[in-house]
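In: For reference, the sequence and a predicted model appear below.
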Amino acid sequence: MPFFTGEHEQTIGAKRRLAINSALREEQQTGDGEQYYLVLGPDKHLWLYPDEYYRRLASSMKRSLLPSRQVAKMSMFFAMARLLKPDAQGRVVLPEKSLLRAKLADVESVTLVGKGDHIEIWPTSEWEAFVGDALGSYEDMLYEAAERLDADGRRKDAD
């Protein structure tokens, strides 16, 4: 499983090329894949998953011969996904439709944000505004997370 971390400023070139920098590529594990699936996340940011890892996630979804409302909704998720093949320098070409849907068509400066198992592509100005807002409650968030971990540990010890 990949473990992407950090924030990495990049530009989207005139030919819609985006470099996935080596620091992020090195965080992929053998078996995660060499290519990327590009999907539109629920926050309307573009998300990149290593291709083999994405396939494992997708194959774990329940399947049925009979249609369901949930399956119908998920079909859009797969329909909008795109397989991107990096060149020798780690650059991928972002599809125009994906850029339009994520409101990135006129954005050059982006920040690649490591989010554990995937990379998110944010307009740099939006990312900096998000971080600025979040820093005000960062200390509280860390303490709350530590308290939850401690409570989970006590529950496991009690079992």
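Out: Perfect, thanks for sending it. The structure displayed is predicted, hence computed values, not measured ones. Residues are numbered from 1 along each chain as shown.
In: immediately after the worst-scoring helix or strand of the chain on mean pLDDT, which helix or strand?
Out: Within the chain, no helix or strand scores below helix 69-80, which has a mean of 77 by mean pLDDT, DSSP states H and E. Downstream of helix 69-80, the next assigned helix or strand under DSSP states H and E is strand 82-84.
In: Helix or strand next in line after that following strand, which one?
Out: Downstream of strand 82-84, the first helix or strand assigned by DSSP H and E is strand 91-93.
In: which other helices and strands contact that next one?
Out: strand 17-19 (3 or more C-beta pairs under 8 Å, 6 or more residues apart in numbering; DSSP states H and E). To be clear about C-beta, it is placed using only N, CA and C from the backbone, and glycine gets the same treatment.
In: Go through the strand it packs on and flag the buried ones.
Out: Judged by neighbour count using 16 or more other C-beta atoms under 10 Å, the buried positions of strand 17-19 are 18-19.
In: Averaged pLDDT, stretch 32-41. What do you get?
Out: Mean pLDDT, computed over stretch 32-41, is 94.
In: That one: how far from the chain's middle?
Out: 8 Å (C-alpha atoms, centre = their mean, to the nearest Å).
In: Span of that stretch from start to end?
Out: Chord length of stretch 32-41, first to last residue, is 20 Å (C-alpha to C-alpha, to the nearest Å).
In: Extract the residue ranges of this structure that are flagged as low pLDDT.
Out: Applying pLDDT under 70 to the chain flags residues 62-67, 71, 159.
In: hey, where'd the helices end up in it?
Out: Taking DSSP state H as the test, the helices found in the chain are 22-25, 51-59, 69-80, 96-101, 124-135, 138-158.
In: now what about the last one, what contacts it?
Out: Here helix 138-158 makes contact (C-beta atoms under 8 Å, 6 or more residues apart in numbering) with residue 134.
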